[in-house]
Every structure is written in C-alpha cells, then in structure tokens.
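Visitor: My questions concern the predicted model and sequence given below.
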Amino acid sequence: MPNILFKRILFLIPLILLGCFVFGQEQSDVTFELKLSKEKLGINERLRVEFTMNKDGDNFNPPSFEGFKVVMGPSQSISSSWINGKRSFSKSYTYVLKPNRQGSFALGQATIEIEGNTYKTLSKNIVVTAAVDNPNAPKSADDVADESLHLVAEVSKASPYLNEAVTVVYKLYISPSISVTNFRPVDSPKYNNFWSQDIPVTKYNTNNGTYEGKPYRSVVLKRVVLYPQKTGKLDIEPLSLEIYVDVPTNRRDFFGGKIYTQASKTVSAGRRTLTVKSLPESGKPANFGGAVGEFNFSVSTSKTALNASESLQAIVEVTGKGNLKLFQLPEPDLPSALEVYEPEFGESVRTTVSGMQGKVSNNYTVVPSFRGKYPIPSISFSFFNPKTARYTTINSDEITINVMEGPADAAAINPATGGVAKIAVPTSEQFHFIKVTPNLTNIGANYFFGSNRFYALLFCPFLLIPLVIVYRKKLKKNAESIEGNRLKKANRLARKYLSTAKKELGDEDNFYVALEKGLHNYLKAKLKIETSDFSKEKITGLLNEKNVEIEHTESFIALLKNCEMARYSPFTDVQMQQDYHKASEVISLMDKQL
Amino acid sequence: MNRKLLTILFLIFSFGVVAQNNTLFEHATEAYNKGEYQKAIGFYEKILENKQHSPELYFNLGNSYYKLGEIGPSIYYYEKALLLKPNDIEIKNNLGYANNMRLDAIDEMPETAFTSFYKTVTNYLSFEQWAYLSVGMVFLFVLGYVVYYFLYNATQKRIAFIISASGLVIAAISVVMAYFQYKDFKHDKPAIIFSREIAITSEPNERSEKLFTLHEGTKVNVLEKLGDWQKIKIADGQTGWLPSENLKLLKNF
C-alpha cells in the first residue's frame, strides 16, 4: 500500500518540475526597445534616446543617428532587483542627440545579441522643427491635453447619391490619463448645400476603444443626418469644441498621488469632403420628383359611392425610408366636374441615425356636385433606390367614384370655387338607357343637300306654273267653245220653230199667232204629242213629268199667255222683240233638259 | 333580263343584311341589359362593319363605353350620335354624364351676339333638314300659286297668295341656311382625344415647345394636317400640334 503511494509521488515529480521549467521559461521573454524623450523637437532642443533590454546582451550595435550629432553616450546602466523572489533585470544604453537640421528623420534599427539570438528595435520617425522658445522644457499641460484629446467626425458614406441620407457622428477620443470636466461648442458647423437634421444626444456614454492603436475612451457628442442637395464635392465644416480637462503633472502630493492641473483646450474635427454623386440619367422616369430611398405609394378614397354634395377624402400617401420631407407628392388628376379643395398636408416622420422614416400624405377634400361616374386615373410615383442604384415607379390603382343621387336643382349649387369651369349636367335627368329601335341606314356621305335630286325637286315645281297657265288658257277656250255650240243650237231651234214669227215681227196679230204656233210645234216635236189640246195645265204637267225646271216652265207659260193676251190688247214693237228673244232663250234652255 | 335578276338578288341580299343587323342590334340590347357591355360593343361594331349606322347605334355604343368607364370612346360615340341627330335630349344628357369624367376644363370662348344668333338660327335644323324644308316650301309655293290662279273668290285668292308667297320666302331662306350650314359642316372637323394625356406642341415635331396638356375625351377642332401631325384648336381658342394617332375624327362616315 505505501508502495503505491510512493509510486504516485514519483509520477507527480516530473510534472512539478515541468511546471517550474515552464514558469522559468516565461520569465526569460526578451524585450529590446527604443524609447525617445520626444518625437517632435525644436532644432535647439536635445533628444534622449534609450535602448532598453530585459536580459543581458552583447555586441550592441547602435543605429547611425543620421542628421543628429551624438552629444553624450553611450552610457550604460544596469539595474537588477528581486521583489518577492522575482528577479527583474534591465540594461540600457543611453545617448543624448542634438539635431543638425530641420526636417523629418528616421531613427534606424539597433541590434543586440542576447543568448545567441539577434534582436532589433523598431525604427522611429523624429520631426525636427524650428527653434522653440523654451528648449528642453518638460511637456506642458496643454501639450498633454493636445495629445490626449481627439475629435473625429465619422461619416457613414463618403460618396453618397444626391438626396441620400448621410450620417455624421462626432466622437471625442480621450486618453485614459486625463479626464474631461466640461465642454462647450465654440462653433457649430453650418451644413451648406445639405438638408440637415440634428439628432440630439441626451446621454454621453463612454466606450472603451482604441485610437491609432492606443487605448482611448470615446464619447459621441453630436449626431447629424445630412441629405446632400447638390452634386460634386461638398465640404462639411469642422465642429469646434472647447474642452476643460484635468491633466496629471509630474508632481506628487503628500500621499504620492499625482497632482492634476486644469487646462482648457479647443479641439476641432477635421474638415471632411463628401463626393456627392448625381442620380443616373439612364432610366430616369419622366415624372421623377427627387425622391430617394425606399418607398411605398398609394392613392385611396374614403368612399367610392356617395350622394352629390357629400364630401369624400382622396389621400395620396407615400410611406417608407428616404428623403420624405424633400420631395413633392404627385398630384392626382381629378375630373374637372369635381370640386376639389386645397390638400391638407400630413406628415409623421421620425429621423433616426439611418435617415428619415415614416409617411407623408396629401389629403384632398372632394365634393361632387352632380350625379355620375367619376374615374380617378392611376397616377405614378417614381423614386431612386440608392441600394439597388435603380429607379422604381409605383402606379396607384384606378378608382371610380359613383355619385348616386344628384341635387334636384342644378342652379341651387354655388358656382365652383377656384374659377375652374364646370360642366353642368341636368341633374334631374337620369342616365338614359340605350335606345331599342335600330333605325339603321347605310353609311355613306350621300347628302340630299347639293345632290341632283335636291336641285330637281327645288326647281321643277317652278316649271309647273307655266304649264298650269297654259292648261288653264286651253280650258277657258274650250269652255268658250261649248257656250258657242249652245248658242248655235238655240239659234237653229229658233230658226226652225220661230222663223215664221220672226218674219211677222212688227205685225202684232200675225206675230203672236206665229209665235204661239211655233211654240206649240216645238212642244209637239219635243214631247211627241199629237194633239191640239194645248191647255196650259197640261203643258205644265207634261213639262213637270220631264223634270223641266219650274222656272223655265213658268216663263214658257208666260209666253203663251202673252200670245193670248196680244189678241185683245195692243203690244209694242219692243215687247214683240223681247218676247221673241225670250222665246228663243226658253226653247234653248228647255231643249237641254228635254 | 340579266340586270333585273342582279337587282333582285341585290335587293334580297341587302334585305338579308338589314335583317341580320337588326338581330345583331337586338342581341346587343340583351347583352347590354345583362351588363355584358363588352359583348354589346362587339355586336354594335359588327353592324358598323356591315356599313350601317344610326344615331341610336352610336348612342348605345357611347352608353356601353360609359358603363365600362372608358371616357374617350364614350364621348366620341355620343358626339357622333349628336352629329346625326343634333337636338336629341337623351343623347345630350348622357353626353353630359360622360363629359363629367373628363379631366380638362376649358373655358369656351365668348361668342359675339351676332355669331350666337347666327348659330342658333342655322343650327336650328341640320343642313339636310333645311334642304328638305326648302323643297317642301317650293311645293307649297307652287300649289298656292295654282290655287290662287284658279280661284275666283277674292278672300280665298288672298289667302292662297299669302301662303304661296310665304312659301317662296321660306324656301329661299332655307336654301341659304342649308348652304351656310353645309359650309360650316365642311369646314368644321371635330375630333376627340383618345390618349390618356398628350402634350400639345407649338410645332409639328418632337423638339418644339410644349404649350399645354390635354386629356382623354376632350373635343378639339382639326385645322390643318402635316404628315403625321395635326393642328388643332380647342374651345378657348388655343391652337397647337399633336401626332394624329392621339385623336379620332368624328366625321369619318
């Protein structure tokens, strides 16, 4: 049993020894460094150069110190100490140099051989300036502050597109050796040719970081979002701050703590130049209004069906990320018959480090006055997307507004505002249904006016007038000839029956006898009666039977009476003549009817 | 003999076409009533292809396009119907509805009292109607004259003379009116804009200055033509050029 324990201890011994060896090995890390008292000095100052190593070496070989004159050295110093059993060793070669002339010099590498290996220092640059007032003075608090404070403007994008968001963050780097007590901006930069929005910093948080390889603390002091409004090289003016700092001095207080001294320092961030690219011309839509970013676009109405004189809202809206405040919203084309009021602009935009975000809208109040259908045609909105470096066009949907019921009296509506002429529709009239009777005719420009038919119809009637005149004349002539025939016949009858009476004209007795006889003969011939019984009643009855007009019959009877009367009373020649004419007339008249 | 046969065949054929067109018209009416406006338009266009038309047909086409929300064709066909039947109230009413959809609001040029009087008088009837009226009046004149010539009674003669004389005067006026209207009709070349939006330029080329913008459905008057460009005048008196494909002439029948 004790044997096993011994074996275990035996096994552990090499491990312990190995650990000791490793520890020792770590201690033997070799450093060989070059330390300068100043990196920048006046020509009347001196420079102390120290080559330090932590292990003893041989064959030290200094650099050439070109541009400098060795005033003193090399002086060797060795220090060795044991603290808590730990040995620290340091050996150094020191030179004091005097610059020969102004300019920038590179201090070359020094070499040393330590434990058979050759080590080299890093070369360093030294700037020799003109003579300084206070040569070989220790670094002042201002110098320290100068070295320990750096204000830097960080630009998110050095070559943005026109109207693309650029963020500028101002950071103050503070070396851990000093502490900032306060700061105040001296000069706020003006961002000419930029649309700028400051994002206020409410809380100053320190972050640990590095600045040019050295550990530093950093604080964000100011954030600005910029939208370049011009192409080409644009300068961002520097920001200047006055900073109050506590700087440690070389003096120590009673307790060994460093004594700090106050210093104020004005720092400014360097001038930055942005190269602003213009938006590409190729593929630029005609309606491009300068929107850059990523957007969504819509046109909507609050109602699509309403009654006349009610109102509706038409909203043109753009949402997304980009220069929302920096472009014009497209205007909708609304039918001229709608009353449209000035739009109400609405925006809810948040500006963050990455730019503007949110929505902008135009809210139109539309009041239709008349019944009907009003289409709102689709409108388009174009923007440039800097991420894809391409233009995008979004078309809104087409909307139709139906106005169902119009006002009863069109005249009651006020005339449109804005001086835009509106088309009045008789609102009392409904939209008429189609017509159901076709009434089709052939297509063709055969107009009646100007055609031959037209002229013929227009002028031919005039020819009718002379025709009518000629016709009438002829008719008259005919009529006259008929009259003549009748006369002829009457004469012939008179000659036939009254010839004896005519011979006896003037002789009263004989004339009337002859006339009576003639009349009787006429009746005999016409009525075919073979009797001598010529009473007046009989004659009247006979004539009535033959439908002879009573007038004629009476005048005939009157003649016969005259003949009888003439036997007893005297008759003049004139009366005889009259009776003769009457007789011939009555005969011819009666002859027509018999 | 042969010619007679041909004529008869032609008559039969044309009667066939008429009958066919009437059935097409009925189909279109049915389709419209069912809300199938596109189908109705198809039927109407077939009738037009068969070389027949009527104000009613154009009115119905305008209605169908209105229902589809197509501004340009709708106004175009209403205007066409109005050309054939100038004083139809229904056509005017529905044209008003279609005009409400238009985007352009153009102030009409104010007319002088004389031109407005002249227009009211000449446009009271179409020149065709004036022509028919003049022919009718000439007949009345001749009839009146003949009656006057044959009558004996003095009062009757006087009445006949007055009728006859006024017939002659009216006939003469009608012919003059028809002539003026015909001249205006020939001179007037109205057209309707069919493009959504078109820029009117000062010269008939692409480079020239843009004067103003017109939208679909606006009525313009064509003044001149040069190649593919046409000079137009709008109601407020402005003139400019635009490519021919953007408009459609109304008087193309």
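Guide: Yes, it's here.

Visitor: Direction included, what does the longest strand seen in chain B pair against?
Guide: For chain B, the strand with the greatest residue count under DSSP state E is strand B:219-226. Strand B:219-226 has its sheet partners listed here by DSSP bridges as strand B:190-193 (antiparallel), strand B:229-233 (antiparallel).

Visitor: so can I have a markdown table of those strands showing mean neighbour count?
Guide: Heads up, the C-betas are built off the backbone N, CA and C, glycines and all. Output for those, formatted as a markdown table (neighbours: other CB atoms under 10 Å in any protein chain shown):
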| stretch | mean neighbour count |
| --- | --- |
| strand B:190-193 | 22 |
| strand B:229-233 | 20 |
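
Visitor: Now render those strands as JSON lines, adding mean pLDDT.
Guide: Compiled in JSON lines, these are given as follows (pLDDT from 0 to 100):
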{"stretch": "strand B:190-193", "mean pLDDT": "91"}
{"stretch": "strand B:229-233", "mean pLDDT": "91"}
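
Visitor: circling back: I'd like the average pLDDT over the longest strand of chain B.
Guide: For strand B:219-226, mean pLDDT rounds to 89.

Visitor: what's the answer for stretch A:430-438, then?
Guide: Averaged across stretch A:430-438, the pLDDT comes to 83.

Visitor: Grab the CA positions of that stretch and hand them over as PDB.
Guide: Only the C-alpha atoms of stretch A:430-438 are listed here, as PDB (Å, rounded to 0.1, in the frame of the first residue of the first chain):
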ATOM      1  CA  GLN A 430     -81.200  60.200 -65.100                       C
ATOM      2  CA  PHE A 431     -78.600  58.400 -67.200                       C
ATOM      3  CA  HIS A 432     -80.700  57.200 -70.000                       C
ATOM      4  CA  PHE A 433     -80.900  53.600 -71.100                       C
ATOM      5  CA  ILE A 434     -79.900  52.600 -74.600                       C
ATOM      6  CA  LYS A 435     -82.400  53.000 -77.400                       C
ATOM      7  CA  VAL A 436     -84.100  49.900 -78.600                       C
ATOM      8  CA  THR A 437     -85.100  50.800 -82.100                       C
ATOM      9  CA  PRO A 438     -82.300  50.500 -84.500                       C
END
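
Visitor: could you say which helix or strand contains the residue lying closest to A:Ser302 once chain neighbours are set aside?
Guide: Closest residue to A:Ser302 apart from its sequence neighbours, by CB to CB, 6 or more residues apart in numbering or on different chains: A:Gln313 at 4.1 Å. Element membership for A:Gln313, per DSSP states H and E: strand A:312-322.

Visitor: What is that strand packed up against?
Guide: Judged by 3 or more CB pairs under 8 Å, 6 or more residues apart in numbering or on different chains; DSSP states H and E, strand A:312-322 is in contact with strand A:291-301, strand A:355-368.

Visitor: let's go with 10 Å and repeat that
Guide: On a contact count with 3 or more CB pairs under 10 Å, 6 or more residues apart in numbering or on different chains; DSSP states H and E, strand A:312-322 meets strand A:291-301, strand A:338-340, strand A:344-352, strand A:355-368, strand A:380-385, strand A:399-403.

Visitor: and of the strands paired with strand B:219-226, who's closest to A:Glu342?
Guide: A:Glu342 sits nearest to strand B:190-193 of all the strands paired with strand B:219-226, at 27.9 Å, using CB to CB.

Visitor: buried stuff in the strand holding A:Gln313?
Guide: Buried residues in strand A:312-322, counted by 16 or more other CB atoms under 10 Å in any protein chain shown: A:Leu312, A:Ala314, A:Ile315, A:Val316, A:Glu317, A:Val318, A:Thr319, A:Gly320, A:Lys321, A:Gly322.

Visitor: Next, see if the one helix or strand A:Tyr455 maps to gets close to chain B.
Guide: Element membership for A:Tyr455, per DSSP H and E: helix A:452-503. Yes. Residues of helix A:452-503 are located near chain B by CB under 10 Å from any CB of the partner chain, namely A:453-465, A:467-469, A:471-472, A:475.

Visitor: Tell me how far the helix or strand following that helix lies from the chain's centre.
Guide: Where DSSP H and E defines the elements, the next helix or strand beyond helix A:452-503 is helix A:508-527. The chain centroid and the centroid of helix A:508-527 are separated by 122 Å under CA atoms, centre = their mean, to the nearest Å.

Visitor: so A:Gly322 sits right up against A:Tyr227, yeah?
Guide: Yes. When contacts are counted by CB atoms under 10 Å, A:Gly322 is listed as touching A:Tyr227 (9.1 Å).

Visitor: what residues are shared contacts of these two?
Guide: Common contacts of A:Gly322 and A:Tyr227 (CB atoms under 10 Å, 6 or more residues apart in numbering or on different chains): A:Asn163, A:Glu164, A:Ala165, A:Val292, A:Gly293, A:Gly355, A:Met356.

Visitor: Looking at those residues, which gets the smallest pLDDT?
Guide: Within these, the minimum per-residue pLDDT falls on A:Gly355 (85).

Visitor: partner residues bridging it?
Guide: When assigned by DSSP bridges, A:Gly355 has beta-bridge partners A:Thr352.

Visitor: and the residue of the stretch 251-400 of chain A found nearest chain B, helix, strand or coil?
Guide: Closest to chain B within the stretch 251-400 of chain A is A:Ser336: 3.4 Å, counting by CB to the nearest CB. Secondary structure state of A:Ser336, per DSSP: H, G, I helix; E, B strand; the rest coil, is coil.

Visitor: Skip the chain neighbours and tell me the closest residue to it.
Guide: Excluding the flanking residues, the one nearest A:Ser336 by CB to CB, 6+ apart is B:Ala105, at 3.4 Å.

Visitor: Starting from B:Ser116, give me the distance back to the one you found.
Guide: As judged by CB to CB, to the nearest Å, B:Ala105 and B:Ser116 stand 21 Å apart.

Visitor: More neighbours: those two, which one.
Guide: Neighbour totals were compared for B:Ala105 and B:Ser116, and B:Ala105 leads with 17 against 11 (other CB atoms under 10 Å in any protein chain shown).

Visitor: which element is the more buried one on?
Guide: With DSSP H and E as the criterion, B:Ala105 is inside neither a helix nor a strand.

Visitor: and the chain, what are its domains?
Guide: By default, I'm working from chain A. Chain A breaks down by automatic domain parsing into domains covering A:30-137, A:143-276, A:293-403, A:482-593.

Visitor: wrong one, chain B
Guide: Here the domain parsing of chain B from automatic domain parsing is B:3-99, B:113-186, B:190-249.

Visitor: Figure out how far the longest strand of chain B is from the centre of its chain.
Guide: What separates the centre of strand B:219-226 from the centre of its chain is 17 Å, taken as CA atoms, centre = their mean.

Visitor: Please spell out which residues along it are buried.
Guide: Neighbour count says strand B:219-226 has B:Lys219, B:Val220, B:Val222 buried, by 16+ other CB under 10 Å.

Visitor: Now do the same contact list for the last one.
Guide: For B:Val222, the contacting residues are B:188-191, B:230-233, B:242, B:244, B:247, B:249-251, by CB under 10 Å, 6+ apart.
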